[in-house]
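S.K.: Next one to model:
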Amino acid sequence: MPEENKPTAQRRSAAWFGLDGKLGFVHRSKLYNRGGSAAMFDGRPVIGIANSASDLAPCNAHLGQVAEAVKRGVLLAGGVPMEFPTISLGETLMRPSAMLFRNLMAMDVEETLRANPLDGVVLLGGCDKTVPAQVMGALSVDLPTVMVTGGPALNGRFRGEAIGSGTHVWKFSEEVRAGRMTSCEFRSAEACLSRSAGHCTTMGTASTMACVTEALGLSLPGSAVVPAVDAGRARIAEQAGARIVAMVEEGLTPSRVLDRRSFANAVRVNAAIGGSTNAVVHLLAMAGRAEVDLALDDFDRLAADIPLLVDLMPSGRFLMEELHDAGGLPAVVRELGDLLDGSALTVTGRTLGENCADAPNWRPDVVRGRQNPVAEPGSHTAVLRGNLAPDGAVIKLSAASPELVRHTGPALVFDTIEDYDAQKDSPELPVTPETVLVVRNAGPVGYPGMPEIGNLAIPRKLLDQGVRDMVRITDGRMSGTSYGTVVLHVTPEAAVGGPLALLRSGDRVTLDVPARRLEMDVPEDELTARAAENATADDLRKGPEPGSGWAALYRSHVNQADTGADLDFLTGRRGHAVPRRHL
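M.R.: The predicted structure follows:
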């Protein structure tokens, strides 16, 4: 290779492509099968494109087209694109829970980036867990990184009405159970809900994570809400491809972009958009990878003065297409104004405030001003504590019924979601509107994988009485598209000996959100006796089977929800030092 064409020393890829002799020959020669030339190795930045496209993850199935636009941008900016596949987590199909595999996908991304001759990476994800998983892996490596999400699908339409992903599924299914909608009508709505490529159209977890990733500064401004089938999605992807090449030249890594200000902005934006409770567990895990101080209580404290500004389902009326029409997340950021720290850096090389200083708001009915919010401050995700959740639990106030945020009633406890589902329609179920429904053993260890079962179906006998909401408690999660007065992420979970394991049917439970309390009215000495009984029972049955494979590793090392449910040995940055040679 001529001396003038050798990769510059600062390029990480030079450790592969800049070598003489046998090793350099091996690294370069096989790549000629792409039909390229020696220009691939003349010092241009080598950019990885981490593509989670998969037919098993319908929200991500179109990402191959997005990858082509990224490649175009990389080439136009003088880089060398290298697309590679990652694990893909489809929320609608994976069992027992896509969350079980989030950390595995993060490992996949991290190790692939570190093991290969890459100078920077563009992440392509869409469905709920793919975005945080890819970001988590990339943060641990700390190469220049840009996230490009797949975009929301077109609004669903059913009989002239806009219907939202998830939100209307829960609504329609309850109407069928209540006899107000036929099974035939329910089936007819299936094909109307998902009209195009893209992720959920409501402010569910996929939309939430796209928005908070942009708020963090890891995505280009305005990129979170462009519909998947809009030509603007390809333009954003092309711009990201060009921008990552410049970021490599600038040495702009996530550790330079992300700090406490970034995560505080993301928490506040999550409150303003009515974002998913799942953002809590994902942002905590991402902060752990970035080595930024973020705690569960920050989601309550930092959001306390943030009004709900975005009028989207499940907390409002509209869908993601309308948010795009309004001007996307930059419009939200500008409306929030000094409630955010505009000095936080972003992948553009400019600050969040600079990016959004002139952002228009074309739909003030969708993105409200601070003087005309959808809901006043205090409608965010609240953090609860008490003798049922000493390490915390969360509740999404914008989706809860105001009359239930202070409530005391008798618990009706189920050890598994299967137990509850088998009994929920029984006319003999001992339940009233005052009952507090509890399903435990749905946490990270207990299920395993912390599934989205929290929005428990209302018992049939109560549906017949017109009841549409009641207090529900679980150590699992809830879909971001769901609604209701549901307490989630109870920590420690029941399976690791948390107090939820000691609760019995008939015990009085108090939910007092204004006081941030979640309590069971059981004397301390009685709880001690119950704990001893549980320990004896565990000894007699030798505990649950540990399982094998990934599930066993996960259960042995997963942290609790209050710190992000990452694996204990994966938190933090491990960098991108070039690994040892293999030949």
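
S.K.: Please, which helix or strand holds residue 457?
M.R.: Counting by DSSP states H and E, there is no helix or strand that carries residue 457.

S.K.: Once you drop chain neighbours, what's closest to it?
M.R.: residue 424 (5.6 Å; CB to CB, 6 or more residues apart in numbering). Yep, even glycine has a C-beta here, placed from its N, CA and C like the rest.

S.K.: right, and that neighbour touches residue 459 too?
M.R.: Yes - at 5.1 Å, residue 424 counts as touching residue 459 under the criterion of CB atoms under 8 Å.

S.K.: what residue ranges in this protein score low on pLDDT?
M.R.: 1-9, 536-546 (pLDDT under 70).

S.K.: For the top helix by length along it, name the packing helices and strands.
M.R.: In the chain, assigned by DSSP state H, the helix with the most residues is helix 231-250. With contacts taken as 3 or more CB pairs under 8 Å, 6 or more residues apart in numbering; DSSP states H and E, helix 231-250 sits against strand 46-51, helix 63-76, strand 120-125, strand 145-149.

S.K.: what does it rub up against?
M.R.: The contact list for helix 231-250 (CB atoms under 8 Å, 6 or more residues apart in numbering) reads 11, 45, 47, 49, 65-67, 69-79, 81, 119-122, 144-146, 148, 150-151, 219-220, 222-223, 226-227, 347-349.

S.K.: list the helices and strands the one helix or strand residue 438 maps to packs on?
M.R.: For residue 438, the host element (DSSP H and E) is strand 436-439. For strand 436-439, the elements it packs on are strand 406-414, helix 417-423, strand 472-474, strand 508-512, judged by 3+ CB pairs under 8 Å, 6+ apart.

S.K.: just those: most buried one?
M.R.: strand 472-474 (a mean of 29; mean count of other CB atoms under 10 Å).

S.K.: ok so, going back, from the structure, what's the count of residues near the residue nearest to residue 457?
M.R.: By other CB atoms under 10 Å, the residues close to residue 424 number 20.

S.K.: starting at the chain centroid, how far to the longest helix of the chain?
M.R.: The chain centre lies 23 Å from the centre of helix 231-250; the measure is CA atoms, centre = their mean, to the nearest Å.

S.K.: With stretch 507-527 instead?
M.R.: Its chain's C-alpha centre lies 30 Å from the corresponding centre of stretch 507-527 when counted by CA atoms, centre = their mean.

S.K.: Show me what counts as buried in it.
M.R.: Buried residues in stretch 507-527, counting neighbours by 16 or more other CB atoms under 10 Å, are found at 507, 509-511, 513, 516-520, 522.

S.K.: got the end-to-end distance for stretch 148-156?
M.R.: End-to-end distance of stretch 148-156: 23 Å, with CA to CA, to the nearest Å as the criterion.

S.K.: roughly how far out does that stretch sit from the chain middle?
M.R.: Using CA atoms, centre = their mean, the offset of stretch 148-156 from its chain centre is 15 Å.

S.K.: circling back: next helix or strand past the longest helix of the chain?
M.R.: The helix or strand immediately downstream of helix 231-250 is helix 254-257, counting by DSSP H and E.

S.K.: gap between the next helix or strand after that next one and the chain center?
M.R.: Sequence-wise, the next helix or strand downstream of helix 254-257 (DSSP H and E) is helix 260-272. Distance of helix 260-272 from its chain centroid, counting by CA atoms, centre = their mean, is 14 Å.

S.K.: Summarise which helices and strands helix 260-272 is packed against.
M.R.: Other helices and strands packing on helix 260-272, by 3+ CB pairs under 8 Å, 6+ apart, are helix 205-216, helix 278-290, helix 298-301, helix 328-336.

S.K.: quick one: the first one to strand 120-125, angle?
M.R.: Orientation of helix 205-216 against strand 120-125 (axes from the mean of the first three to the mean of the last three CA atoms, to 10 degrees) gives an angle of 150 degrees.

S.K.: Next, the contact list for residue 341, please.
M.R.: By CB under 8 Å, 6+ apart, the contact set of residue 341 is 261, 264-265, 352.

S.K.: State whether residue 84 is indeed within a strand.
M.R.: Yes - under DSSP: H, G, I helix; E, B strand; the rest coil, residue 84 falls within a strand.

S.K.: beta partners of it?
M.R.: Beta-bridge partners for residue 84, by DSSP bridges, are residue 50.

S.K.: State the distance from residue 355 to residue 303.
M.R.: Residue 355 sits at a distance of 22 Å from residue 303 (criterion: CB to CB, to the nearest Å).

S.K.: How about the contacts made by residue 98?
M.R.: Neighbouring residues of residue 98 by CB under 8 Å, 6+ apart: 89-91, 127-129, 449.

S.K.: so residue 351 touches residue 342, yeah?
M.R.: Yes - if you go by CB under 8 Å, residue 351 and residue 342 touch, sitting 5.8 Å apart.

S.K.: Reformat the helices and strands packed on helix 260-272 as CSV; add mean neighbour count and distance to residue 232.
M.R.: Converted to CSV, the helices and strands packed on helix 260-272 look like this (neighbours: other CB atoms under 10 Å; distance: least, CB to CB, whole Å):
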stretch, mean neighbour count, distance to residue 232
helix 205-216, 30, 14
helix 278-290, 27, 24
helix 298-301, 19, 31
helix 328-336, 25, 10
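
S.K.: And for residue 272, nearest residue in space, chain neighbours not counted?
M.R.: In space, and not counting its chain neighbours, residue 272 is closest to residue 309: 4.7 Å by CB to CB, 6+ apart.

S.K.: Could you give me the buried positions within stretch 453-472?
M.R.: Neighbour counts using 16+ other CB under 10 Å place 453-463, 469-472 of stretch 453-472 among the buried residues.

S.K.: Equivalent analysis for stretch 229-237, please.
M.R.: Buried residues in stretch 229-237 (16+ other CB under 10 Å): 229-230, 232-234, 236-237.

S.K.: and which of those is nearest to residue 333?
M.R.: residue 236 (16.7 Å; CB to CB).

S.K.: So which of the helices and strands packed on helix 231-250 is nearest residue 20?
M.R.: Among these, the nearest to residue 20 by CB to CB is strand 46-51 (18.4 Å).

S.K.: can you state the direction angle for that closest one and strand 145-149?
M.R.: Going by the same axes, to 10 degrees, strand 46-51 makes 30 degrees with strand 145-149.

S.K.: And strand 46-51, what does it pack against?
M.R.: For strand 46-51, the packing partners by 3+ CB pairs under 8 Å, 6+ apart are helix 63-76, strand 80-85, helix 102-115, strand 120-125, helix 231-250.

S.K.: one more time with 6 Å
M.R.: If you count contacts as 3 or more CB pairs under 6 Å, 6 or more residues apart in numbering; DSSP states H and E, strand 46-51 packs onto helix 63-76, strand 80-85, strand 120-125.

S.K.: Contacts for it next, please.
M.R.: Contacting residues not belonging to strand 46-51 are listed as 13, 63, 67, 70, 74, 79-83, 85-86, 109, 117-124, 134, 244 [CB atoms under 6 Å, 6 or more residues apart in numbering].

S.K.: same thing with stretch 369-389?
M.R.: By CB under 6 Å, 6+ apart, stretch 369-389 touches 271, 277, 296-297, 299-300, 303, 305-309, 311, 316, 335, 368, 392-398, 490, 499, 513, 516-520.

S.K.: Against residue 240, how distant is residue 249?
M.R.: Taking CB to CB as the measure, residue 249 falls 15 Å from residue 240.

S.K.: neighbour-wise, which of those two wins?
M.R.: residue 240 (26 against 16).

S.K.: ok, residue 277 touching residue 394?
M.R.: Yes - look at residue 277 against residue 394 with CB atoms under 6 Å: they come within range, at 5.3 Å.
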